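Peer 1: no FASTA, just this:
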Ligand SMILES: Cc1ncc(COP(=O)(O)O)c(C=O)c1O
């Protein structure tokens with residue numbers, strides 16, 4: 001972790017060290033938080049946050065699904081993200097907006113005496129699944145833990161408590177020597193990586209599980225679907241049996257942290273030729289091209305962050 005100088009808390013920029021919580025905070029006990037993960041990139045026109053609007057829309061919607069009353073509007077939170085980047089003098093950065101129930105009561109159902117706190121943190125953070133993985137591909141496994149489904153939690157919300165499931169999936173994989181774990185849904189169909197969506201390619205067609213397959217509706221996933229279509233590929237969102245991964249020509253993960261990371265083996269079985277495949281490479285270039293200007297920002301996904309303060 002690279003500490004930065006300031007953290008936005010409830011509308012104010014506080015020094016990093018002062019942004020603390022009480023041990024009675026409800027979220028510490030029960031996982032009652034919602035959050036986002038967003039990246040800011042260096043571009044030819046200055047730094048820009050990728051799909052800030054879509055991320056903060058999902059943030060507000062996560063709160064809605066859990067009936068957490070936010071004190072700030074989507075626009076105020078978007079401005080908070082820009083301010084946090086600017087105040088810290090960051091360019092290539094990871095932004096973590098987080099709202100949680102603070103200290104007030106130990107009852108499981110938070111009442112009006114339990115405050116909702118909101119913070120926005122921005123730090124420098126490199127490739128989540130390793131720099132080498134971006135070009136070489138990573139080795140992954142199917143987890144023995146299945147993904148929690150919408151019959152018990154609103155899977156489409158990005159909420160703190162959901163990540164206990166993700167921790168089990170990713171942790172088991174790492175203990176067994178893999179870089180990441182893939183979960184299946186309660187029906188045995190492919191869901192996603194512990195913190196990434198998944199795409200499979202077979203016979204030039206790109207497949208990805210639909211929103212109903214117990215996945216987070218990834219912003220990178222949605223962006224890659226658009227980019228792949230604009231490159232002329234057919235993209236099919238459908239339930240996918242686990243075994244399709246063993247005979248796929250190519251597989252890759254998408255996510256804000258993981259960006260576009262090729263998968264070179266699943267459960268020890270090589271995917272295609274056992275390295276990054278040609279379609280994955282094209283899609284990866286189209287994605288990273290958004291930041292170096294080689295892919296036009298046709299959808300206005302880049303939200304510029306002008307420099308207004310001296311860091
Ligand atoms: C469980 C899970 N799935 C998928 C993703 C990818 O989503 P996004 O592309 O919006 O970062 C993430 C990361 O946020 C995640 O935590």
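Peer 2: Thanks, I have it. All figures in this text were calculated on a predicted structure; none of them were measured in a lab. Residues are numbered from 1 along each chain as shown.
Peer 1: surely residue 202 meets residue 244?
Peer 2: Yes: under the criterion of CB atoms under 8 Å, residue 202 lies in contact with residue 244, with a separation of 7.2 Å. C-beta here means a position set from N, CA and C on the backbone, and glycine is covered the same way.
Peer 1: wait, what's in contact with the residue of the stretch 51-200 of the chain found nearest the ligand?
Peer 2: Nearest to the ligand in the stretch 51-200 of the chain, going by CB to the nearest ligand atom, is residue 195, at a distance of 3.8 Å. Taking CB atoms under 8 Å, 6 or more residues apart in numbering as the definition of contact, the neighbours of residue 195 are 128, 166, 170, 255, 257-258.
Peer 1: So which of those residues is the closest to residue 300?
Peer 2: Within the set of these, residue 255 lies nearest residue 300; the separation is 21.4 Å, counting by CB to CB.
Peer 1: How about that closest one: what's its closest non-neighbour residue?
Peer 2: residue 196 (3.9 Å; CB to CB, 6 or more residues apart in numbering).
Peer 1: chain center to stretch 280-288, what's the gap?
Peer 2: Relative to the chain's own centre, stretch 280-288 is displaced by 18 Å; criterion: CA atoms, centre = their mean, to the nearest Å.
Peer 1: Stretch 269-282 now?
Peer 2: Averaging C-alpha positions (CA atoms, centre = their mean) puts stretch 269-282 23 Å from its chain's average.
Peer 1: residues of the helix or strand of the chain with the lowest mean pLDDT that come out buried?
Peer 2: Of all the helices and strands that make up the chain, helix 131-136 has the lowest average by mean pLDDT, DSSP states H and E, namely a mean of 90. Applying a neighbour-count criterion of 16 or more other CB atoms under 10 Å, one finds 133-134 buried in helix 131-136.
Peer 1: Identify the residues contacting that helix?
Peer 2: With CB under 8 Å, 6+ apart as the contact definition, helix 131-136 has outside contacts at 127, 179, 259-262, 264, 275-276, 284.
Peer 1: 7 Å - rerun?
Peer 2: Helix 131-136 has contacts (CB atoms under 7 Å, 6 or more residues apart in numbering) with 127, 179, 261, 264, 275-276.
Peer 1: After it, heading C-terminal, what element do we hit next?
Peer 2: Using DSSP states H and E, the helix or strand that follows helix 131-136 towards the C-terminus is strand 138-142.
Peer 1: Quick one: list the elements packing against that following strand.
Peer 2: Secondary-structure packing of strand 138-142 (3 or more CB pairs under 7 Å, 6 or more residues apart in numbering; DSSP states H and E): strand 180-184, strand 259-266.
Peer 1: if we can go back for a sec, now the contacts of helix 131-136: which count as buried?
Peer 2: Judged by neighbour count, with buriedness set by 16+ other CB under 10 Å, the buried members of these are 179, 261, 264, 275-276.
Peer 1: Could you export those as JSON lines, including pLDDT and distance to residue 22?
Peer 2: Formatted as JSON lines, the buried ones among the contacts of helix 131-136 follow (pLDDT from 0 to 100; distance: CB to CB, whole Å):
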{"residue": "179", "pLDDT": "97", "distance to residue 22": "36"}
{"residue": "261", "pLDDT": "96", "distance to residue 22": "38"}
{"residue": "264", "pLDDT": "98", "distance to residue 22": "45"}
{"residue": "275", "pLDDT": "94", "distance to residue 22": "49"}
{"residue": "276", "pLDDT": "96", "distance to residue 22": "47"}
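Peer 1: pretty sure residue 57 is touching residue 75, no?
Peer 2: No: using CB atoms under 7 Å as the test, residue 57 is too far from residue 75 to be in contact (10.8 Å).
Peer 1: The two - which one has more neighbours?
Peer 2: Looking at residue 57 and residue 75 with other CB atoms under 10 Å, you find the greater number of neighbours at residue 57, namely 15 against 10.
Peer 1: what sits against the closest residue to residue 42 other than its chain neighbours?
Peer 2: Ranked by CB to CB, 6+ apart and with sequence neighbours excluded, the top spatial neighbour of residue 42 is residue 91, at 4.8 Å. The contact partners of residue 91, taken as CB under 7 Å, 6+ apart, are 40, 42, 47.
Peer 1: ok, 10 Å please
Peer 2: Listed by CB atoms under 10 Å, 6 or more residues apart in numbering, the contact set of residue 91 reads 40-43, 46-48, 85, 124, 305, 307.
Peer 1: Just the buried subset of those residues, written out for PyMOL, thanks.
Peer 2: To isolate the buried members of those in PyMOL, using 16+ other CB under 10 Å:
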select buried, resi 40+41+43+47+48+85+305
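Peer 1: Packing partners of the helix or strand harbouring residue 207?
Peer 2: Element membership of residue 207, judged by DSSP H and E, is strand 205-208. The contact analysis (3 or more CB pairs under 10 Å, 6 or more residues apart in numbering; DSSP states H and E) places strand 205-208 against strand 190-193, strand 197-202, helix 219-230, strand 235-237, strand 250-255, helix 278-292.
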